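Participant: Dropping a prediction and its sequence here:
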Amino acid sequence: MNIIDSSCWIEYLMDSEIGASIAPIVENTVELIVPTITLYEVHKKLLLFIMITQKACR
């Protein structure tokens, strides 16, 4: 089983070099466990990014 933390998810979603290196782990959903706290942390960081991006566009 594999558990990755929120920082790895952010890197994966940003398609960074680190994200590319962990892609095989993330995409192997049979072996992947995602704790609820990790979902919350990623959601929180994405919302913050969206709010900052929207403010910058105004």
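Facilitator: Okay, I see it.

Participant: tell me the centre residue of this protein?
Facilitator: The residue lying closest to the centre of the chain (Cα atoms, centre = their mean) is residue 9, at 2.3 Å.

Participant: got the CA positions of the helix or strand containing it in CSV?
Facilitator: Assigned by DSSP states H and E, residue 9 belongs to helix 6-13. Output in CSV follows, covering the C-alpha atoms of helix 6-13 (Å, rounded to 0.1, in the frame of the first residue of the first chain):
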residue,chain,number,x,y,z
SER,A,6,-0.6,16.6,0.4
SER,A,7,2.6,18.1,-0.9
CYS,A,8,3.1,15.2,-3.3
TRP,A,9,-0.5,15.6,-4.5
ILE,A,10,0.1,19.3,-5.2
GLU,A,11,3.3,18.5,-7.1
TYR,A,12,1.4,15.8,-9.1
LEU,A,13,-1.4,18.2,-9.9
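
Participant: Identify the residue spatially nearest to residue 8, adjacent ones excluded.
Facilitator: Counting by Cβ to Cβ, 6 or more residues apart in numbering, residue 22 is the residue found nearest to residue 8 once chain neighbours are left out, at 5.4 Å. Quick note: C-beta positions are derived from backbone N, CA and C, even for glycine.
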